[in-house]
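# sequence-free structure coming up:
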DNA sequence: GTCTATACAGTGATAGAC
DNA sequence: GTCTATCACTGTATAGAC
């Protein structure tokens, strides 16, 4: 049910996701919605944010922190490309960050990105990159994915997303292998 | 007046920018608004998109096409950083692209980005880059700015925007000077 | 738990006085 | 041109039958 809501908020944004459209798309009546989410729409969106955050924590951040660095980074590229349907699906957190919805969920939004950057930077260090360089590169990657989503949606062209993400991956690999070589 | 509207749509998004909030912030009554925009909110947003597009066409795209390539690219970095208030201001076109507002203005949204990429790629070619490489780099830059806006808003940190844009600029400069050197 | 009916504020939009 | 009043409608939210 929460994944259903997530899809609706993703496509329509917080303001655009009216209760009428939610009931129409999910087939769940208003009564039922308010039974599960007494806090109304605000609570629904909070639950959706938590669900999205949970998915990334489980599938991306935790592996980046704990697993073999190179393997986890490879999995990150694969999982995020699949998650965002190669640019066909928008990032809910990024979309919320852009308008005044941000003020409502500022903590959750910032935490999502901070933890992504920190986890990736840690993995890059373990893969051989320098600390400062790793943080910068992690910021670049996370920001780059958001930009690729915006641009591929704007141009309605998934190829743009794939090209941009591929390039980011190549840049990271080049930088890591160069750092490893200079340490040898 | 249109710039006033632009600021409101930027901050609140299309759905969030209600007529009540527009009249409250601009001090212009509904009667006057409908006098200038008989098509209502949809026409207001269209006018705003056109105004934004006009600004970029005049201040960024035209110089990239016509002026000295290196100077125009330098001006682009300066003007976009100023325009977006170093990440404190969001890109209206990018924000519209993310939710279902996109379907309403798909043509204008795509055109804004296509012309930016084309103009920048042309300037990069004139500055010495190869054609394919220039297009790819232009996509990266435009996408990178959008990503930097999302991330700096999400983290509420203008420093992130500045770092990311500075890095993008350095990458472009390195690539151009390298291409120029290999041609010599 | 789910539905229907409904409350009431807010929506985009219009008409008409000034 | 601008304002006020008001329209029909939709927004979120609630109450109560089942």
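Nice, thanks for sending it over. What you are looking at is a predicted structure, and each value in this text was computed from that prediction instead of being measured.

# so how far is residue A:125 from residue A:175?
Between residue A:175 and residue A:125 the distance, using C-beta to C-beta, to the nearest Å, works out to 12 Å. C-beta: built from backbone N, CA, C; applies to glycine.

# Now do the contacts for whichever residue of chain A sits closest to DNA strand D.
Checking chain A residue by residue against DNA strand D with C-beta to the nearest atom of the strand singles out residue A:40 as nearest, at 2.2 Å. The contact partners of residue A:40, by C-beta atoms under 8 Å, 6 or more residues apart in numbering or on different chains, come to residue A:34.

# Now do it, the pLDDT please.
Model confidence at residue A:40, given as pLDDT, is 97.

# Now it: phi and psi?
Note on residue A:40: its backbone torsions stand at phi 70, psi -150 [degrees, to the nearest 10].

# just residue A:105 next, same as before
phi -130, psi 30.

# what number of residues lie near it?
20 (other C-beta atoms under 10 Å in any protein chain shown).

# just residue A:59 next, same as before
Here the count is done by other C-beta under 10 Å, and residue A:59 has 16 residues near it.

# now swap in residue A:159 and tell me
By other C-beta under 10 Å, the residues close to residue A:159 number 11.

# Secondary structure element for it, which one?
Take DSSP states H and E as the rule and residue A:159 turns out to sit in helix A:158-183.

# helices or strands up against that helix?
Counting contacts by 3 or more C-beta pairs under 8 Å, 6 or more residues apart in numbering or on different chains; DSSP states H and E, helix A:158-183 packs against helix A:69-83, helix A:131-155, helix B:131-155.

# low-scoring pLDDT stretches of chain A, where are they?
Along chain A, the model assigns pLDDT under 70 to no residue.

# residues from it in reach of DNA strand C?
A:27-32, A:35-36 (C-beta under 7 Å from any atom of the strand).

# Report the closest residue of chain A relative to chain B.
Each residue of chain A has a distance to chain B, by C-beta to the nearest C-beta, and the smallest belongs to residue A:147, at 2.7 Å.

# returning to that earlier point: out of the residues of chain A next to DNA strand C, which is most surrounded?
Neighbour counts for those were taken using other C-beta under 10 Å; the highest belongs to residue A:28, which has 16 neighbours.

# ok, which residues in chain A are in contact with DNA strand D?
A:17-21, A:30-31, A:34, A:38, A:40-42.

# rerun at 6 Å
Contact residues (C-beta under 6 Å from any atom of the strand) of chain A with DNA strand D: A:18-20, A:30-31, A:34, A:40-41.

# Having no further points to raise, I will conclude here.
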